[in-house]
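**Student:** here is a sequence together with a model predicted from it:
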Amino acid sequence: MTKAASSTAIASVDPEGPSAAQRIDAKIAGLDDWRGTTLARVRHIIQQADPGVVETVKWRGVPVWEHDGILCTGEIYARAVKMTFAKGAALADPAGLFNASLTGNTRRAIDLHEGDTINATALKALIRAAVALNVAATAAKTPSARKRAATTTPADTRAAAPTSRSRTPRR
């Protein structure tokens with residue numbers, strides 16, 4: 001079985017140990033069945049969809065892919081490789097890839113089982129949508145975005161005008 005090598009643009013580095021990409025490589029290599037092949041394939045698709053993705057490892061060794069926040073995780077179970085999208089409930093899924101965690105308000109997941117075929121085109125579109133959602137959320141948090149959103153009208157200006165009364169400080 002061949003394992004995919006990491007080609008992430010950026011990976012978090014622990015000065016006292018292997019990088020996140022190396023840890024994910026080791027996790028894939030340690031899975032000597034269909035789950036390793038599936039995780040490697042998912043990883044490759046994610047990297048193709050977003051060359052700027054950042055790989056991290058969290059929660060006791062779970063691979064996590066991030067771009068301005070968490071995009072998705074790659075959890076390994078006995079009978080499934082689960083891709084959990086952090087903001088999956090906010091994503092359109094026209095191909096119907098989401099098949100797990102469908103009742104939550106935030107997350108959605110894709111359970112991949114032995115023998116499943118991965119729709120790479122649809123998965124790339126889902127990854128790109130997750131990236132766009134995270135980038136938009138990050139942009140909305142920046143001061144310049146808030147300033148643009150808070151345009152003043154003449155009524156706003158009049159209400160904010162200083163008064164001639166002096167205010168006594170509260171104690």
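**Tutor:** That came through fine. Numbers count the residues shown, from 1 in each chain.

**Student:** show the pLDDT at Ala49.
**Tutor:** pLDDT, Ala49: 96.

**Student:** longest strand of this structure?
**Tutor:** In the chain, with assignment by DSSP state E, the single longest strand is strand 70-76.

**Student:** distance from the chain centre to stretch 21-34, please.
**Tutor:** 20 Å (C-alpha atoms, centre = their mean, to the nearest Å).

**Student:** likewise for stretch 130-144?
**Tutor:** Centroid displacement of stretch 130-144 relative to its chain, using C-alpha atoms, centre = their mean, is 12 Å.

**Student:** average pLDDT across that stretch?
**Tutor:** 86.

**Student:** pretty sure Thr38 contacts Met83?
**Tutor:** No: Thr38 is beyond contact range of Met83, at 9.8 Å (criterion: C-beta atoms under 8 Å). Glycine gets a C-beta too; all of them are placed from N, C-alpha and C.

**Student:** please enumerate the shared neighbours of these two.
**Tutor:** Leu112 (C-beta atoms under 8 Å, 6 or more residues apart in numbering).

**Student:** host element of the spatially closest residue to Leu91 that is not a sequence neighbour?
**Tutor:** Excluding its sequence neighbours, the residue lying closest to Leu91 (C-beta to C-beta, 6 or more residues apart in numbering) is Ala129, at 5.0 Å. If you go by DSSP states H and E, Ala129 is part of helix 120-141.

**Student:** just want the angle from that helix to strand 70-76.
**Tutor:** Orientation of helix 120-141 against strand 70-76 (axes from the mean of the first three to the mean of the last three C-alpha atoms, to 10 degrees) gives an angle of 140 degrees.

**Student:** name the surrounding residues that touch helix 120-141.
**Tutor:** Applying C-beta under 8 Å, 6+ apart, the contact partners of helix 120-141 are 42, 45-46, 48-50, 53, 67-72, 85-88, 90-95, 97, 110, 145-146, 149.
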